[in-house]
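*Asks:* For reference, the sequence and a predicted model appear below.
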Amino acid sequence: MPDPDTWIARLGELPLLAQPGERWLYQSGSQVLGVLAARAAGLPFDVVLRERVLGPLGMKDTAFYSADTSRLSTAYENRDDLLAVSDPPDGQWSRPPLFPDGSGGLVSSVDDVVAFGRMLMRGGSPVLKPATAAEMTRDQLTANQRANVWPGFSFLDDRGWGFGLSVLGDGRYTWEGGLGTAWSNVPSQDLTVVVLTQRAADETGMPAVCDDVLSVACSAD
């Protein structure tokens, strides 16, 4: 990825995929928002995150990289039915990225992800207004947008989408990271569930343990 200014300039040279609001496309909007947030604040996006979100929530382990490679896990992916290393501890997340991505790429810990989930569960305090948290966690897609998702396949399946979050019909909202990490809020049970694996999602979906842990947690008395 190039630096943010180069990235946004090159993006601006591309024609629209569709008229605004006509289609839903995963990821790109959040990348643009990250660049705009940095420009509005006059600070790099990672600093904006730290000052506005991570610091107030006590998320001291969350950043776009960690120089302490002893705390970084090896990432694996499925290649021809065998697990292969996709990123070692001294790899991509051991140094700051040129492009701090508003759509993802943070390293974190269980405690930090729980802190973020609980913030949304209590309505956004102390970093978001209640109305903002409510809009983030409800399905924003229209029927026409659902019929015209990312060209070529349906990324959503039976899910809706809020602002940066996947939303399910039972009221649960979640984020599942492509490298095998997942968290879910279950408002009906005042429950936040976090599962961090080291195996990336593949054509079968997320590692089965992610749903297994969530099911057990939701059924516990």
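*Replies:* That came through fine.

*Asks:* Now do the helices in the chain.
*Replies:* 4-12, 28-41, 45-49, 110-121, 130-136, 143-146, 208-219 (DSSP state H).

*Asks:* among these, which is nearest Val85?
*Replies:* helix 208-219 (19.5 Å; Cβ to Cβ). In this view, the C-beta of every residue, glycine as well, is placed from N, C-alpha and C.

*Asks:* got the contact list for that closest one?
*Replies:* 176, 180, 182, 184, 186, 189, 191, 193, 195, 197 (Cβ atoms under 8 Å, 6 or more residues apart in numbering).

*Asks:* thought the fifth one was touching Arg172?
*Replies:* Yes: counting by Cβ atoms under 8 Å, Val186 touches Arg172, with 5.2 Å between them.

*Asks:* burial of Cys218, as a residue count?
*Replies:* For Cys218, the neighbour count with other Cβ atoms under 10 Å is 15.

*Asks:* For it, give its distance to Ser188.
*Replies:* 9 Å (Cβ to Cβ, to the nearest Å).

*Asks:* before we move on, what about Ala131?
*Replies:* Ala131 is 21 Å from Ser188, by Cβ to Cβ.

*Asks:* Also Leu57?
*Replies:* The value you get for Leu57 to Ser188, if Cβ to Cβ is used, is 23 Å.

*Asks:* For the protein, which segments count as strands?
*Replies:* Along the chain, counting by DSSP state E, strands occupy 75-79, 82-87, 160-161, 166-167, 173-177, 181-186, 191-196.

*Asks:* For the second one, which helices and strands make contact with it?
*Replies:* It stands for strand 82-87. Counting contacts by 3 or more Cβ pairs under 8 Å, 6 or more residues apart in numbering; DSSP states H and E, strand 82-87 is packed against strand 75-79.

*Asks:* Point to the helix or strand of this protein where mean pLDDT is at its lowest.
*Replies:* helix 143-146 (a mean of 88; mean pLDDT, DSSP states H and E).

*Asks:* Count the neighbours of Pro130 for me.
*Replies:* Neighbours around Pro130, by other Cβ under 10 Å: 11.

*Asks:* Identify the residues contacting the closest residue to it other than its chain neighbours.
*Replies:* Spatial nearest neighbour of Pro130, chain neighbours left out: Gly123 (4.2 Å); criterion: Cβ to Cβ, 6 or more residues apart in numbering. With contact set as Cβ under 8 Å, 6+ apart, Gly123 has these partners: 130, 133-134.
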